[in-house]
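Peer 1: Next input, structure requested:
(chains A and B)
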2 protein chains.
Amino acid sequence: MTTTITGADVHDVRFPTAAAGDGSDAINRGDYSAAYVELRTSTGAVGAGFTFTNGRGNEIVCAAIRALLPQVVGRTVEEIAANQVGFWRSLSADVQLRWLGPEKGVIHMATGAVVNAVWDLRARLAGLPMWQYLAEQDTADLVAAIDFRHIADALTPEEATELLERGRTGYAERLVALRRDGYPAYTTSVGWLGYPDAKVRSLTRQAVDAGWRAVKMKVGGPIADDVRRAALIREEAGPDVLLMMDANQVWNVDEAIANMAQLVAFDPYWIEEPTHADDVLGHARIAAAVAPVRVATGEVAANRVIFKQLLQAGAIGICQVDACRTGGVNEVLAVLLMAAKYGVPVCPHAGGVGLCEYVQHLAVFDALRISGSTDGRMIEYVDHLHEHFVDPVTVVDGRYRLPTAPGYSVTLRPSSIAEFSFPDGPAWR
Amino acid sequence: MTTTITGADVHDVRFPTAAAGDGSDAINRGDYSAAYVELRTSTGAVGAGFTFTNGRGNEIVCAAIRALLPQVVGRTVEEIAANQVGFWRSLSADVQLRWLGPEKGVIHMATGAVVNAVWDLRARLAGLPMWQYLAEQDTADLVAAIDFRHIADALTPEEATELLERGRTGYAERLVALRRDGYPAYTTSVGWLGYPDAKVRSLTRQAVDAGWRAVKMKVGGPIADDVRRAALIREEAGPDVLLMMDANQVWNVDEAIANMAQLVAFDPYWIEEPTHADDVLGHARIAAAVAPVRVATGEVAANRVIFKQLLQAGAIGICQVDACRTGGVNEVLAVLLMAAKYGVPVCPHAGGVGLCEYVQHLAVFDALRISGSTDGRMIEYVDHLHEHFVDPVTVVDGRYRLPTAPGYSVTLRPSSIAEFSFPDGPAWR
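Peer 2: Below is the predicted model:
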């Protein structure tokens, strides 16, 4: 029996988070939103996917998802699975739509939502959570999911095969350990720029008391304020808690180097987004200047070609791939494999709405089949908006528990869709 | 008296060019389209801007333009001119919309359309064609138009000032020469991939007979076909005509190097878009391998940060900035100045619809105030769709004549907007 994709529903869902100062940093003040798509099928199964946005403009991504739907609706899940690169290129390299990127921004974020919805459907039909559906696939099937065009100078199909085959060794032991211990996480809820010092101090204390061994603060305000807040968090957290810093791209290259010379006193594990996300050469200069502090980036890295260069140039020490900014699972697979080849740990970007739900699957798959390790790796965690998902993340003592329900965990509750649909839902009226 | 922007009209205008095979290359087969905006004002003056797209998805860019309009409507032209970086960042760095790029793809293309419409308005109010409006500005005003954030490691305000001041020397003589001789052009109409050999041969002959001294062909099909067509064009054109080649990003890095080793026999002046537009490091490797053939790129380079790196890495020998892919005149100014600093000639991207109308102004301004030269520089020219503009380009004997009407020359005829509006215009019904 085949499963035909018969239709799709697209929803512009927005949560009014900006007013509370949650999620405020040097660049963003967002109403966390999802350009959300559900694919209906001939068998009744439904696949869900979305792309995260910051509020205004979510309708533009929804329009882009609608523009891609003719490439999806009418196909069977089986034909897509049998020709994955062909399907992926029908979205990412359409002879007219490609001009809108290419492979970046709105059109590529929409591609991520649609591609992920198809993968959600595939995992559901297999009755497996996404991490397990991926981890149990044959190496050849995973390699067949990757478009090597434009990255073949950094990763060949043969190298991908070798990495995935090597990942089979110790698989069973790692699975037992992950099921028992969960996957390490860190919290970004302590140091938003919108919070006053007293709140930052009490949130840091609460986080440490709750078992968190790694916390992240935002920087990129006036440097004196950044230094004061870093001192305060380090004081509350003590010397053994990992402290990450995130500048959200606000600095120039030389400014990043100068400011980090002051912030290094507080022993950061990494500096995240020290400058513009497109600046591969700039990140490489910063990485050389701030070593052994690692440079981290990826949450808005546009595609596998940008990640390829960040890795080739030695510009990052932490790879923060997002689940839906790039073109969905297929492109994330390429990034995970390139990161492994270059020896860079992946700590996926999360937070926002639904991103924790997504990336837990990717991190667990990476530990099981590619990197073979959780050392130096953590999944970002922010305690916002999980209640809107049918299968929300479970985080206990600073660690993600492995999801058990089939699929990719990003199905929104129908009541949440109704309440927060923009502009007509009750929350926005 | 001040001029208040009181409203805006956005039009999705598409020309059905795909069916004819015009514009077909290794990646694109487009219905040349404009996401077009006109700004209405309190004084009756109207400013026009647009972004070029390839057809499907033009409605997405129109949606993005609409999302940006609240930042424009209600402002005065004078307040925008007095705080240009502030205005530019209100579009490019909005705390919510920035997530959709940042500064790339659909949202940045929409920014380009809106920013250019404001500049069109400014030039019209001054009663000058755009090239002259820019060329006659004080250096300080031009420098104040540039957002140096994220490019300060390659270009400082002081360096920009010095370049623009140096450009005053010989201005009057250059202006006389440009008015007399026009600005050199090349034609892309001879070698689309969709054309059979006989048509390529006759078009090449016609182009040479019509006075063209530079022609461009598309490559990126099977390499044997590329070699055969290159031989044919070189044979018809003779040894003295410049021949440019354009791969439209279809090749991998190593593939580009290998294929150019065969095509170098036909003495290309440049190889354009040899690989993915985001691949700065890849272009640098190709440039080293194919020298002295120049690598050209820029038509889909996302923003000033990508151009900065292409120049820093020595990855390009020709800078092909587009007028509306990046954030409009303000960002193009930054690119022109960086190219001058790094000694790379600018040959702006044109063709499509309306791009020739736009970039003639930029090239003439560059010759008058920045590069001070037309040596090794040409504006792309394609003889399509000019009849839809109120003030179309004039090209005589392979050279652009200087525009004389006020503004940026991209106002569409009302009858063309009506005829080609998608999906309800008569051309599409």
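Peer 1: Spell out the residue ranges of the strands in the stretch 301-429 of chain A.
Peer 2: Using DSSP state E, counting those that start in this stretch, the strands of the stretch 301-429 of chain A run over residues A:318-319, A:379-381, A:395-396, A:399-400.
Peer 1: Which residues of the stretch 251-400 of chain A lie near chain B?
Peer 2: A:252-255, A:275-282, A:285, A:300, A:302-303, A:305-306, A:308-309, A:312-313 (CB under 8 Å from any CB of the partner chain). (Each C-beta comes from the backbone N, C-alpha and C, glycine too.)
Peer 1: Can you select the buried ones from the residues you listed in PyMOL?
Peer 2: The PyMOL selection below is limited to those of those classed as buried (16 or more other CB atoms under 10 Å in any protein chain shown):
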select buried, chain A and resi 252+253+255+275+276+277+278+279+280+281+282+285+300+302+303+305+306+308+309+312+313
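Peer 1: Go through the residues of the stretch 251-400 of chain A next to chain B and flag which are in helices.
Peer 2: A:V253, A:D254, A:E255, A:V280, A:L281, A:G282, A:R285, A:V305, A:I306, A:K308, A:Q309, A:Q312 (DSSP state H).
Peer 1: out of those, who's nearest A:T3?
Peer 2: A:V305 (32.6 Å; CB to CB).
Peer 1: give the contact list for the closest one.
Peer 2: Listed by CB atoms under 8 Å, 6 or more residues apart in numbering or on different chains, the contact partners of A:V305 are A:E103, A:H150, A:I151, B:H276, B:D278, B:D279.
Peer 1: Ok, A:Q262 next?
Peer 2: For A:Q262, the contact set (CB under 8 Å, 6+ apart) comprises A:I223, A:D226, A:V227.
Peer 1: burial of the first one, as a residue count?
Peer 2: Just to be clear, that refers to A:I223. 15 (other CB atoms under 10 Å in any protein chain shown).
Peer 1: doesn't A:N259 make contact with it?
Peer 2: Yes: when contacts are counted by CB atoms under 8 Å, A:I223 is listed as touching A:N259 (5.2 Å).
Peer 1: Give me the contact list for stretch A:69-82.
Peer 2: With CB under 8 Å, 6+ apart as the test, stretch A:69-82 has contacts from A:2-8, A:10, A:39, A:41, A:87, A:90-91, A:94, A:114, A:118, A:121-122, A:125.
Peer 1: In space, not sequence, find me the middle residue of chain A.
Peer 2: In chain A, the centroid-proximal residue (CA atoms, centre = their mean) is A:D322; its distance is 2.5 Å.
Peer 1: Could you report the pLDDT at the nearest residue to that residue once chain neighbours are set aside?
Peer 2: Using CB to CB, 6 or more residues apart in numbering or on different chains and skipping the chain neighbours, the partner closest in space to A:D322 is A:H349 (4.5 Å). The per-residue pLDDT reported for A:H349 equals 96.
Peer 1: shouldn't A:H349 be in contact with A:L355?
Peer 2: Yes: with contacts counted by CB under 8 Å, A:H349 reaches A:L355, the gap being 6.5 Å.
Peer 1: Touching both of these two, which residues are there?
Peer 2: Common contacts of A:H349 and A:L355 (CB under 8 Å, 6+ apart): A:D322, A:A323, A:E380.
Peer 1: Out of the residues you listed, which comes closest to A:G182?
Peer 2: Using CB to CB, A:E380 is the member of those that sits closest to A:G182, with 14.7 Å.
Peer 1: wait, what's in contact with that closest one?
Peer 2: A:185-186, A:188, A:216, A:320, A:347-351, A:355-356, A:359.
Peer 1: Try it again at 10 Å.
Peer 2: By CB atoms under 10 Å, 6 or more residues apart in numbering or on different chains, the contact list for A:E380 reads A:185-188, A:214, A:216, A:244, A:246, A:272, A:299, A:320, A:347-352, A:355-356, A:359, A:363.
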